[in-house]
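Student: Predicted model follows, preceded by the sequence.
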Amino acid sequence: MTVSDSRTHRSPLADPPAETPGHGLLAGRKVVVTAAAGTGIGFATARRALLEGAEVLVSDWHERRLAEAQAELAAQFPDQQVAQAVCDVSDTGQVDALISRAADELGRIDVLVNNAGLGGETPVADMTDEQWDRVIDITLNGTFRATRAALRYFRAVEHGGVIVNNASVLGWRAQRGQAHYAAAKAGVMALTRCAAIEAADVGVRINAVAPSIAKHPFLAKVTSDDLLDELAAREAYGRAAEVWEVAATIAMLASDYTTYLTGEVVSISSQRA
C-alpha cells in the first residue's frame, strides 16, 4: 500500500459497532455519576452502569435536564434504582451533600464517576481571567471536591470502592484555543495519580479515562463541523468514539476486571500525543 493509499484507506472499523450487551460487571454495585444529564458521556455512563446491573444516582447542576435524564433511565431500567440529586460541583457544600445523600439513598457508595467538566475555545491572548477560572473550577476543582468527599466517605466505612475520573487526551496533546481545558484535564490526570496512592490506604482504586472525541449532540452544538470532522479523521478508525464506547471503558475500570489497576489514565484514542 502506498502512502497515498494509506491516507485514503477506509478502516473496517470505521462503522460504529452495535452497543455491547451488559455482562453484569457492576451487579449489586451502587454508582454515582456527576454531570449525567443530557446526551453526553455522563448519561451514557449512568446507562451503562445500569446495563451492567448497578443501581445509580445521577447528578447534574441543571435541574430540568437532570429530571428528564432520571426519568428516561428509570423507564429503561424499571427494576433498578435510579436516584437523582442536583449538584453544582463548583460548590463544596453541594458536593459534600451529594456524597452524603447518595450514601443515604443508595444505602452505600461503591463507585464514583467524576464526569463534570467545562470546555471552551479561546486563544490564550484573548482569554479572560473569568474564562480561565471557570473552566479550571468546574473541570479540575470540581473533580477534586468530589474525590475528596468520596475519600472521606470511604475512610469512614468498612468497604472499599472505585473512583473513575473523566480526563481528556488534551491533557497530553496540544490544541489551539484549549489551554484552559487542557490544563484542567492535565490536572485531573495528576490528581488521579496522586490521589490513587493515598486512596489505597482505604481500599479505593482511582483511575481515569482520556477520550479524544466522543460523538453526541451537545458536542455538535458547541464545536464546528469542520473541527469535528478533522479530529475524527485523525483517529485510526477515521471516526469519533460513540459515547457508549467511552462508558463501557469506564464500567470496566469500575469493575472487578481491573482490581490491580490504580493511578492509570486510559486513552480512548489512537492520538494520545
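Tutor: Nice, thanks for sending it over.

Student: how close does the residue lying closest to residue 241 once chain neighbours are set aside get to residue 205?
Tutor: Excluding the flanking residues, the one nearest residue 241 by C-beta to C-beta, 6 or more residues apart in numbering is residue 214, at 4.6 Å. Every residue, glycine included, has its C-beta placed from N, CA and C. Between residue 214 and residue 205 the computed distance is 23 Å (C-beta to C-beta, to the nearest Å).

Student: For the stretch 151-273 of the chain, which segments count as helices?
Tutor: Along the stretch 151-273 of the chain, counting by DSSP state H, counting those that start in this stretch, helices occupy 179-199, 217-222, 225-234, 243-254.

Student: Roughly how far does the closest residue to residue 258 other than its chain neighbours sit from residue 198?
Tutor: Distances taken as C-beta to C-beta, 6+ apart place residue 252 nearest to residue 258, at 6.2 Å, with adjacent residues excluded. Residue 252 is 23 Å from residue 198, where distance means C-beta to C-beta.

Student: Looking only at neighbour counts, state which of these two leads.
Tutor: Higher neighbour count among residue 252 and residue 198: residue 252, with 20 against 11, using other C-beta atoms under 10 Å.

Student: pLDDT on the top strand by length along the chain, on average?
Tutor: In the chain, taking DSSP state E as the definition, the longest strand is strand 204-211. The pLDDT scores in strand 204-211 average 97.

Student: now the angle between helix 243-254 and it, please.
Tutor: Strand 204-211 runs at 160 degrees relative to helix 243-254, counting by axes from the mean of the first three to the mean of the last three C-alpha atoms, to 10 degrees.

Student: Strand 204-211 pairs with which strands, parallel or anti?
Tutor: strand 161-166 (parallel), strand 265-268 (parallel) (DSSP bridges).

Student: chain center to the longest one, what's the gap?
Tutor: Strand 161-166 has its average C-alpha position 9 Å from the chain's average C-alpha position, going by C-alpha atoms, centre = their mean, to the nearest Å.

Student: Can you identify each of the strands in this structure by residue range?
Tutor: 30-33, 55-60, 82-86, 111-114, 161-166, 204-211, 214-215, 241-242, 265-268.

Student: Now mean neighbour count and distance to residue 257 too, for those, in JSON lines please.
Tutor: Compiled in JSON lines, those are given as follows (neighbours: other C-beta atoms under 10 Å; distance: least, C-beta to C-beta, whole Å):
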{"stretch": "strand 30-33", "mean neighbour count": "29", "distance to residue 257": "15"}
{"stretch": "strand 55-60", "mean neighbour count": "28", "distance to residue 257": "19"}
{"stretch": "strand 82-86", "mean neighbour count": "20", "distance to residue 257": "24"}
{"stretch": "strand 111-114", "mean neighbour count": "29", "distance to residue 257": "13"}
{"stretch": "strand 161-166", "mean neighbour count": "27", "distance to residue 257": "11"}
{"stretch": "strand 204-211", "mean neighbour count": "25", "distance to residue 257": "12"}
{"stretch": "strand 214-215", "mean neighbour count": "19", "distance to residue 257": "21"}
{"stretch": "strand 241-242", "mean neighbour count": "20", "distance to residue 257": "20"}
{"stretch": "strand 265-268", "mean neighbour count": "20", "distance to residue 257": "12"}
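
Student: And those, which one averages the lowest pLDDT?
Tutor: For the strands of the chain, mean pLDDT drops lowest on strand 214-215, to a mean of 72.

Student: Reformat the strands of the chain as a markdown table; add distance to residue 128.
Tutor: Listed next are the strands of the chain as a markdown table, based on distance: least, C-beta to C-beta, whole Å:
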| stretch | distance to residue 128 |
| --- | --- |
| strand 30-33 | 31 |
| strand 55-60 | 26 |
| strand 82-86 | 28 |
| strand 111-114 | 26 |
| strand 161-166 | 25 |
| strand 204-211 | 27 |
| strand 214-215 | 28 |
| strand 241-242 | 32 |
| strand 265-268 | 29 |
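
Student: Counting neighbours, what do you get for residue 155?
Tutor: Counted with other C-beta under 10 Å, residues neighbouring residue 155 total 12.

Student: quick one, what contacts the closest residue to it other than its chain neighbours?
Tutor: Leaving aside its sequence neighbours, residue 155 sits nearest to residue 202 (C-beta to C-beta, 6+ apart; 4.9 Å). Contacts for residue 202 (C-beta atoms under 8 Å, 6 or more residues apart in numbering) come out as 151, 154, 155, 160.
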